[in-house]
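Student: got a sequence here, can you model it:
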Amino acid sequence: MHTPLQPSATTPSATLPEPSAVIFDLDGVIVDSFAVMRQAFLTAYAEVVGDGQAPFEEYSRHLGRYFPDIMSIMGLPGELEAPFVRESYRLAHQVTVFDGVPELLSELRGRGLRLAVATGKSGPRARSLLDRLGLLGSFEHVIGSDEVARAKPAPDIVLRALDLLDVPAGEAMMIGDAVTDLASARAAKVTAVAALWGEADAEALHAEGPDAALHAPGDLLALLPVPSHRVTR
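Tutor: Next up is the predicted model:
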């Protein structure tokens, strides 16, 4: 028997417009992949650039963007992408799902909400990771940055999710752990929600003025109207 997930006391009290769809970022929101990204970046940098300290701290400030875009911003060679992706696949077994996320996804689906992922990763890599973790079936669509014309902070990936879900912007929210996620959500005119339970820069996210900031996945439920019925799938 399904037990509804209970929101924690840290949930913001304001109720947002009732959504019919929730769009999630992947890394730092659904999955904890920070350590894997760090190791993949260090290995790729050593292989392509060579000696010297890999600027992972600077790289981490751009998380949420598409990897080739980060390389361009940092002035690093695009050749880092191949070993980075290789190592990300090799180390994928070390990626974990944040506590409370499976329960949240189950509860949202039970309430009849449409769910999608819009990630800075490539689509194939995102879908492979979610499949490995047993979560791919929780989402109707998983969209990668290589599958839209412009990656975050442009609105393209969120607009693509809305189009696939056939949901208007006013009935959707985007949950992300990076400023680029919030910017993409705002540009697409969907509710922008900051996720603070991973390695997110809370100060930077608050400065962006999100519609809500959540400290745990279950906090989202306190922002949503109490359902009058559940959907059986």
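Student: show me the contacts for the most centrally placed residue in the chain.
Tutor: Residue closest to the average C-alpha location in the chain (CA atoms, centre = their mean): residue 25, at 1.4 Å. Applying CB atoms under 8 Å, 6 or more residues apart in numbering, we find residue 25 in contact with 64, 117, 118, 119, 120, 174, 175, 176, 177, 178, 181, 195. Every residue, glycine included, has its C-beta placed from N, CA and C.
Student: quick check: the fourth one touching residue 146?
Tutor: No - with contact defined as CB atoms under 8 Å, residue 119 and residue 146 do not form a contacting pair (10.2 Å).
Student: more neighbours, those two?
Tutor: Each of residue 119 and residue 146 has its neighbours counted (other CB atoms under 10 Å); residue 119 has more, 30 against 16.
Student: if you skip the residues just before and after it, what's nearest to that one?
Tutor: residue 26 (3.8 Å; CB to CB, 6 or more residues apart in numbering).
Student: circling back to that earlier point, turn the contacts of residue 25 into a markdown table, including secondary structure, distance to residue 129 and pLDDT.
Tutor: Shown next, in a markdown table, are these (DSSP: H, G, I helix; E, B strand; the rest coil; distance: CB to CB, whole Å; pLDDT from 0 to 100):
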| residue | secondary structure | distance to residue 129 | pLDDT |
| --- | --- | --- | --- |
| 64 | coil | 16 | 87 |
| 117 | strand | 10 | 98 |
| 118 | strand | 14 | 98 |
| 119 | coil | 9 | 97 |
| 120 | coil | 13 | 94 |
| 174 | strand | 19 | 97 |
| 175 | strand | 17 | 97 |
| 176 | strand | 17 | 97 |
| 177 | coil | 16 | 96 |
| 178 | coil | 18 | 94 |
| 181 | helix | 18 | 96 |
| 195 | strand | 17 | 96 |
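Student: pull the longest helix from the chain.
Tutor: helix 34-48 (DSSP state H).
Student: could I get the phi/psi values of the residue nearest to the centre of the chain?
Tutor: phi -70, psi 170 (degrees, to the nearest 10).
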